[in-house]
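Q: Quick one, what's the 3D model for this:
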Amino acid sequence: MAKTPTPHIGANYGDIAETVIMAGDPLRAKFMAERFLENQVQFNNVRGMLGFTGTRQGKRVSVMGHGMGMPSIGIYTYELFNFYGVKTIIRVGSAGSMHPDLHLGELVIAMGACTNSNYVSQYELPGTYAPIANFDLLRAAADACDKMGYKYKVGNVFSSDVFYAEDAHNDKWMNMGVLAVEMEIAALYMNAARSGNRALGICTISDNLLTGEVTTAEQRQTTFTQMMDVAFSLI
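A: Alright, predicted model coming up:
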């Protein structure tokens, strides 16, 4: 066990629960702490990446931001899995719909994550690796959506290294049945697999690549609560 605090998380070992719900925006993490947790204590503010630990229905849980892109979530989830004893990480984030029947505010549960990233090269695998979710979490999330009456789809997402792409080739990903594009889940799933832990990505559709519909930054920060309901039901 490496010493803590780490270079990017100012917590001591034991300050963070074994289950962490993460969002790209640290203010969304703060929102979740205030909305869902009791007796929350802030454990991190390094680089403004807020993290809190509290209880939810008597169970200990942490929430934390992870920033944008695979390099950022890669650092934070690596440290959580490998240095802080975290066993489960659930990402709740936004995604752009690449499917005609997936609309603003609806959910995507990422069974797998395609990517154009070179993140996997560090493992020097002799072939192509397919990052996938933990099945128990995946099944429980789908069951929770059914119980809560939330509209959702389960399938592949595309974790892109580029937001402003010269040519995103979205039509090619759509042709392969990819549901939505985001920027982090592939790295999360790889870090979980490599450390022998569990991970799941749940996203809310914030914009639609087919229709041009978009949401505001404030809406993304404070109104995407259905995915949070589902995530906290898995604790």
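Q: gap between residue 94 and residue 23?
A: Using Cβ to Cβ, to the nearest Å, residue 94 is found at 9 Å from residue 23. Where you see a C-beta, it was placed from the backbone N, CA and C, and this is true even at glycine.
Q: neighbour-wise, which of those two wins?
A: Each of residue 94 and residue 23 has its neighbours counted (other Cβ atoms under 10 Å); residue 23 has more, 29 against 22.
Q: Correct me if wrong: the more buried one contacts residue 68.
A: No. Assessed by Cβ atoms under 8 Å, residue 23 is found out of contact with residue 68, at 10.8 Å.
Q: Now do the shared contacts for the two.
A: Counting by Cβ atoms under 8 Å, 6 or more residues apart in numbering, residue 23 and residue 68 have no common neighbour.
Q: Quick one: the helices in the protein, in order.
A: 26-36, 70-83, 135-148, 170-175, 185-195, 217-222, 226-233 (DSSP state H).
Q: Which elements pack onto the third one?
A: Contacting helix 135-148 under the criterion 3 or more Cβ pairs under 8 Å, 6 or more residues apart in numbering; DSSP states H and E are the following elements: strand 107-115, strand 152-159, strand 198-208, helix 226-233.
Q: Just send the ones you listed back as CSV, with mean neighbour count, mean pLDDT and distance to residue 63 too.
A: Formatted as CSV, the helices and strands packed on helix 135-148 follow (neighbours: other Cβ atoms under 10 Å; pLDDT from 0 to 100; distance: least, Cβ to Cβ, whole Å):
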stretch, mean neighbour count, mean pLDDT, distance to residue 63
strand 107-115, 23, 98, 18
strand 152-159, 22, 98, 21
strand 198-208, 25, 96, 14
helix 226-233, 22, 97, 9
